[in-house]
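[1] Pasting a predicted model and its sequence here:
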Amino acid sequence: MSRSSPLPSTTGARNNPSDVLQPRRKAQGRSRWRKTAIRFAAWMRWLHIYLSMFGLAAVLFFSATGLTLNHPDWFYSGAERRDDTEGDLDRKWLNPESPKGTTSSASDEGRDVAKLEIVEHLRKTHGVRGALAEFRTDEAECLVTFKGPGYAADAFIDRASGHYRLSQAYHGFVALINDLHKGRDSGPVWSVLIDVSAVVMTVISLTGLILLFYLKLRRIPGLVAIGVGTAVVVGVFWFGVS
C-alpha cells in the first residue's frame, strides 16, 4: 500500500509577502500623492487669498483708472488750470565770464549755464514740481521743462537780461491718476510699483485657475466661463479692432 502524497498547502500562497505588500504600497502611494495635493491646494488657497488682499488697492486703482482713461471726456470738463508768472535770475548763472584768451563754442553754451542753480530757484520760488524733462540752451535763450503726472511747466529764460516767463499747467486729478496708470512722467519708483502690481495680479489669476481644478462641482462651469470670456475678448479684438 503506497503512501498518498499530501495535498499542497495554500497557506504560502495566501501569505506571499509580495502579494500582501503590493496593494499596501499602492494605497500608500495614493495616500502620499493625495496628501501632497491637499498641501499644494492649501498653499495655493493661502497665496490666492493674501495676495488678493495685498493687491486689492492696486487692482481697484488700475480698474478705476482704466475707466477714466478710456473715457477722458466724461471727467475733464473744467479740470485744467494754468498759472503764468515772471521773474529774474542772476545773469551770472546765464552768462559766466570766460577766461581771457578763450572763446566759447556752440557746444559749450549749455555748459556755461548754471543749470542746478536755475532749477533750484524755480522750484523754491514758484513751487515747480515734477522731474526735469529738458534743459535746452542757445545763444539767446534757455528752455527749462518739468513734467510730472497731471502736471507740466515750461520756463523761457532770456540769457541777456536774466528775465524769464514761467507757465505751469495743472491738468486735474483725473489726469493725475491717468498718468499714474500709464506710468507717464511718474519716475522709476512708480514704474517698479506697476511691475510688482502686474506680477501680483498675474499670480492671483493663476492661483484662482489652479484652485478651480480642486472644486469638482464648479470645475466644468468655471472652465466654460473661462472659455466664454476668452472668446469674447478675442472676438471683440478680431471683429472690432483688427
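    That came through, no problem. This one's a predicted model, so the numbers in the text were calculated from it and none came from an experiment.
[2] Spatially nearest residue to the residue nearest the centre of the chain, not counting backbone neighbours?
    By Cα atoms, centre = their mean, the chain has its centre lying nearest to residue 194, at 1.6 Å. Leaving out its chain neighbours, the residue that sits closest to residue 194 by Cβ to Cβ, 6 or more residues apart in numbering is residue 183, at 5.2 Å. Where C-beta positions appear, they are placed from N, C-alpha and C, glycine not excepted.
[3] Residue 191 is in contact with that neighbour, correct?
    Yes - assessed by Cβ atoms under 8 Å, residue 183 is found in contact with residue 191 at 5.4 Å.
[4] out of these two, which sits in the busier spot?
    residue 183 (15 against 11; other Cβ atoms under 10 Å).
[5] What residues does that one make contact with?
    With contact set as Cβ atoms under 8 Å, 6 or more residues apart in numbering, residue 183 has these partners: 190, 191, 194.
[6] Take these and lay them out in a markdown table including pLDDT.
    Formatted as a markdown table, those follow (pLDDT from 0 to 100):
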| residue | pLDDT |
| --- | --- |
| 190 | 94 |
| 191 | 94 |
| 194 | 94 |
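[7] Helices - which of the residues you listed land there?
    In helices, defined here by DSSP state H, the members of the contacts of residue 183 are 190, 191, 194.
[8] export those to CSV and tack on distance to residue 33?
    What follows is the ones in helices among the contacts of residue 183, written out as CSV (distance: Cβ to Cβ, whole Å):
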residue, distance to residue 33
190, 45
191, 43
194, 40
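[9] and of those residues, the nearest to residue 53?
    residue 194 (19.4 Å; Cβ to Cβ).
[10] Would you indicate which residues of the helix or strand hosting residue 238 are buried?
    Under the criterion of DSSP states H and E, residue 238 resides in helix 216-240. Neighbour-count burial for helix 216-240 flags residue 222 (criterion: 16 or more other Cβ atoms under 10 Å).
[11] what's the model's confidence in it, averaged?
    Helix 216-240 carries an average pLDDT of 90.
[12] same question, stretch 39-55
    Per-region confidence: stretch 39-55 scores 92 on mean pLDDT.
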